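Undergrad: Mind looking at a prediction? Sequence and model below.
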Amino acid sequence: MSKTTKIVTIVLLVVITGVVGVFAFLSDKDQQEREAAMTQVEKVLNRDLSSNYPGTPREVIRYYVELEKCFYADDTTDEDLEALGMRARELYDKELLEINGLPDYLINLKADVERFKGQGRKIVNVAVASSINVDTFQEDGYEFARLTCSYNIIDEGVTKQMGKVYLLRRDENRLWKIYGWDYVKENTENNTEDNADNVNLIK
């Protein structure tokens with residue numbers, strides 16, 4: 001190979017590398033701009049559960065909590081709520097789906113959200129239990145996992161804390177699905193009481 005040919009080859013490689021680099025930069029920038037323009041609902045629904053299902057009980061609940069926050073957000077429309085509800089059902093165990101038929105589920109979800117907003121309540125923050133606090137066990141031939149979430153909710157100007165204990169069951173595809181949940185005590189600065197109806201989600 002002559003010296004001239006080597007120089008031409010090197011120049012072409014530099015040009016090609018530069019073009020590829022610029023293209024990658026612009027593509028990444030375009031993706032970031034699209035994501036920045038998304039609403040929170042769009043961001044949550046952007047996840048494809050068929051190819052990117054949460055791998056652990058904690059990750060399932062973390063994603064469910066993101067859906068839940070969108071349920072009760074001020075700017076969530078009826079159309080958004082239906083899409084969010086349908087996505088939430090993808091996380092539910094088959095037995096939970098059986099006792100929550102689709103038409104009734106969506107009607108009840110909308111009613112719960114309207115009641116929650118009508119009472120001036122807002123979800124401020126949700127803390128999901130750490131991985132080491134996930135209790136796993138076997139029963140009736142199934143694998144189960146139990147974990148707790150702590151919800152901080154503004155209710156009539158007062159921040160209250162509500163706990164929910166989630167129970168998940170592993171299905172035949174080894175995916176963790178939400179089997180059900182229950183409520184624990186609510187705490188305020190001056191009050192501690194049983195509360196099974198603070199955020200009456202569909203179950």
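TA: Nice, I can see it. Everything quoted here is computed from the prediction, not taken from an experiment. Numbers count the residues shown, from 1 in each chain.
Undergrad: buried ones in the host helix or strand of residue 147?
TA: Here residue 147, judged by DSSP states H and E, is contained in strand 142-155. Within strand 142-155, the residues that count as buried by 16 or more other C-beta atoms under 10 Å are 144, 145, 146, 147, 148, 149, 151, 153, 155. Every C-beta, even on glycine, is put in place using the N, C-alpha and C of the backbone.
Undergrad: Also stretch 40-55?
TA: So stretch 40-55, judged by 16+ other C-beta under 10 Å, has buried residues 41, 44, 45, 53, 54.
Undergrad: Distance to residue 87 added to those, as CSV?
TA: Listed next are these as CSV, based on distance: C-beta to C-beta, whole Å:
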residue, distance to residue 87
41, 10
44, 8
45, 6
53, 12
54, 12
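Undergrad: Residue 135: which of those is nearest?
TA: For these, the minimum distance to residue 135 (C-beta to C-beta) is 17.7 Å, reached by residue 54.
Undergrad: ok, and the closest non-adjacent residue to that closest one?
TA: Of all residues not flanking residue 54 in the chain, residue 60 sits nearest, at 4.4 Å (C-beta to C-beta, 6 or more residues apart in numbering).
Undergrad: Please, which helix or strand holds that neighbour?
TA: Assigned by DSSP H and E, residue 60 belongs to helix 57-71.
Undergrad: Give me the helices and strands touching that helix, please.
TA: Helices and strands touching helix 57-71, by 3 or more C-beta pairs under 8 Å, 6 or more residues apart in numbering; DSSP states H and E, are helix 40-45, helix 78-89, strand 122-128, strand 142-155, strand 158-170, strand 176-183.
Undergrad: Tell me which of these lies nearest to residue 104.
TA: Between the helices and strands packed on helix 57-71, helix 78-89 lies closest to residue 104; by C-beta to C-beta that is 11.4 Å.
Undergrad: quick one, what contacts the residue nearest to the spatial centre of the chain?
TA: Central residue of the chain (C-alpha atoms, centre = their mean): residue 63, 2.2 Å from the mean position. The contact partners of residue 63, by C-beta atoms under 8 Å, 6 or more residues apart in numbering, come to 44, 47, 54, 91.
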